[in-house]
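Novice: curious how this folds, go ahead:
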Amino acid sequence: MRPLLWFVLLGAAPPWVGDAAAWLEGGITNWNAPGADVVRAPAASSPDPRCAAQARPAITRDDRVVTAAGWQLVGAAQVFGRTRVFLGTSGYDGMCRPFDYQGFVFVESHLAGTLSPQLMRSRSDGAITSLRLLSETTIQVDFARYLDRDPLCCPSRHVSVAYSIQAKAEGPLLIPGASRVEAASAP
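Specialist: Below you'll find the predicted structure:
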């Protein structure tokens, strides 16, 4: 029997529930709204020019909207038809990993939403570990779930969230759907 199922059968919460990434457990409430603007990036605590050198240049209108709000683009954008998904960060940790970052989803240069209701930090609970744009309207994202005893290299679990994009009168809307908890594979 899967370990998470024991918690469900016993009526107990898994040991990571109640923390900052608890939004990933159970029924997920949507934080996105059609027609919303890109939120401003928080001020970077200690910007390191060596890390900032790895930022991706703003090429498209979507990129420029996000960078105008103070975000630095990191990693490649994924594109499927009219949909683009990419990450923006406000800074980097001591190893130049994104720190206080967010995933942005655009459809025809209109913000559909973000992949998390809060900022994420690499090697922390609730951080994106895998992102796949499967079609113009479907995204699959895996998030790390750490227990207190887990080393930073190796979260015990991953939560996979399926997102859909719906057309609304006010603009496209990113909707988080079903989530699935899985044991992390051994390093």
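
Novice: could you use CA atoms for every contact and neighbour count after this?
Specialist: Will do.

Novice: show me where this structure has its helices.
Specialist: Per DSSP state H, the chain carries helices over the ranges 3-10, 49-52, 61-68.

Novice: who's in contact with the shortest one?
Specialist: Helix 49-52 is touched from outside by 72, 91-92, 96, with contacts defined as CA atoms under 8 Å, 6 or more residues apart in numbering.

Novice: kindly recompute the last result at 10 Å.
Specialist: The contact list for helix 49-52 (CA atoms under 10 Å, 6 or more residues apart in numbering) reads 72-74, 89-98.

Novice: any idea of the mean pLDDT for that helix?
Specialist: Per-residue pLDDT over helix 49-52 has a mean of 81.

Novice: please apply the same query to stretch 140-154.
Specialist: Mean per-residue pLDDT for stretch 140-154: 83.

Novice: likewise stretch 163-174?
Specialist: The average of the pLDDT scores along stretch 163-174 is 96.

Novice: same question, stretch 72-88
Specialist: On average, stretch 72-88 scores 96.

Novice: repeat for stretch 111-127
Specialist: Per-residue scores along stretch 111-127 average to 90.

Novice: how distant is it from the center of its chain?
Specialist: The chain centre lies 3 Å from the centre of stretch 111-127; the measure is CA atoms, centre = their mean, to the nearest Å.

Novice: show me what counts as buried in that stretch.
Specialist: 111-116, 119-127 (16 or more other CA atoms under 10 Å).

Novice: so which of these comes closest to Pro42?
Specialist: Leu119 (9.5 Å; CA to CA).

Novice: that closest one touches Pro42, doesn't it?
Specialist: Yes - judged on CA atoms under 10 Å, Leu119 makes contact with Pro42 at a distance of 9.5 Å.

Novice: touching both of these two, which residues are there?
Specialist: Listed as contacting both Leu119 and Pro42 by CA under 10 Å, 6+ apart are 89-90, 100-101.

Novice: strands of this protein, start to end?
Specialist: 72-80, 83-92, 98-107, 110-114, 120-121, 128-135, 138-145, 157-168, 171-183 (DSSP state E).

Novice: any idea which of those gets closest to Ile28?
Specialist: strand 171-183 (6.8 Å).

Novice: now do the buried residues in stretch 173-183.
Specialist: Across stretch 173-183, burial judged by 16+ other CA under 10 Å covers 173-177, 179, 181-182.

Novice: tell me which of these is nearest to Arg157?
Specialist: Checking these against Arg157 with CA to CA, the nearest one is Glu182 at 5.5 Å.

Novice: and the closest one, how far is that from Arg121?
Specialist: Distance of Glu182 to Arg121, computed by CA to CA, to the nearest Å: 20 Å.

Novice: cool, and Ala144?
Specialist: Taken as CA to CA, the span from Ala144 to Arg121 is 10 Å.
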